[in-house]
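Colleague: Provide a 3D model corresponding to the input given below.
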Amino acid sequence: MKVISVNVGLPRTVIWHGQRVSTGIFKDPVEGRIPLRRLNFDGDRQADLSVHGGTHKAVYAYPIEHYPKWKSELPSLEFPYGAFGENLTVEGLSEDTLFVGDRLRVGSALLQVTQPRLPCYKLGIRFQRDDMTKLFLASWRSGIYFLVEEEGDVAAGDNIEILSRDPHQVNVLDIQRLYLDHGADSALLQRALQVEALPESWKQWLRDKAAGARTIRV
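Modeller: This is a model prediction of the structure:
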């Protein structure tokens, strides 16, 4: 398991459907060792902090193994590293094998898995496709958000080591499955509620879902 690329970018204003939109979706690979703080890599920021960034979304990683699938499905588009707005393009990690709460050493930083990515319309801006958000959700290739437990620095080529596994064994894909209501079950939902690392906003959503107040259809 290793880091293939470190990608950062500052918010920029673009025109989308005639409207000015500020977005941090555009990330570019950078060389050298990049300091990782509690909320961001140096040189990286989010535009709308009400839905992006924060401690539980400090680092976004996307598996390089997903890239060939996207290229096959959307051959007219280009997919450079960072195309999905990820800070880390990684090899050997996946949504179905990482548990929420797992702790990983990445470079000299210590990260903890917190949740899948639920994209907003700005992913469509990045690819110039209104349907990209729906395609992304339907792909089950969400990528992985991390909390920064210990600051450090990271560079392309760094090894990734899993230091500990969460005992409840709820993987990132399980959380997305619960959200989309595909194959979800009450036992999985209750187990997810016991995962300490899962953000409270997710837990409240799951409590509402268990009470029958939340249903998602895509």
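Colleague: for this structure, what spans make up the helices?
Modeller: Read by DSSP state H, the chain holds these helices, from start to end of the chain: 67-73, 122-127, 132-139, 172-180, 186-193, 200-210.
Colleague: off-centre distance for the fifth one?
Modeller: For helix 186-193, the distance from its own C-alpha centre to the chain's C-alpha centre is 21 Å (CA atoms, centre = their mean, to the nearest Å).
Colleague: and the angle for that helix with helix 172-180?
Modeller: For helix 186-193 against helix 172-180, the angle by axes from the mean of the first three to the mean of the last three CA atoms, to 10 degrees is 110 degrees.
Colleague: buried stuff in helix 186-193?
Modeller: 188, 189, 192, 193 (16 or more other CB atoms under 10 Å). C-beta: built from backbone N, CA, C; applies to glycine.
Colleague: of these, closest to residue 1?
Modeller: For the buried residues of helix 186-193, the closest approach to residue 1 (CB to CB) belongs to residue 192, at 24.4 Å.
Colleague: is that closest one in contact with residue 170, as I believe?
Modeller: Yes - between residue 192 and residue 170 there is a contact at 4.8 Å, judged by CB atoms under 8 Å.
Colleague: give me the common contacts of the two.
Modeller: Among the neighbours of residue 192, those also in contact with residue 170 (CB atoms under 8 Å, 6 or more residues apart in numbering) are 100, 198.
Colleague: quick one, strands of the chain?
Modeller: Using DSSP state E, the strands of the chain run over 2-8, 12-16, 19-23, 28-30, 34-36, 59-63, 88-91, 103-106, 109-116, 144-150, 152-154, 160-164.
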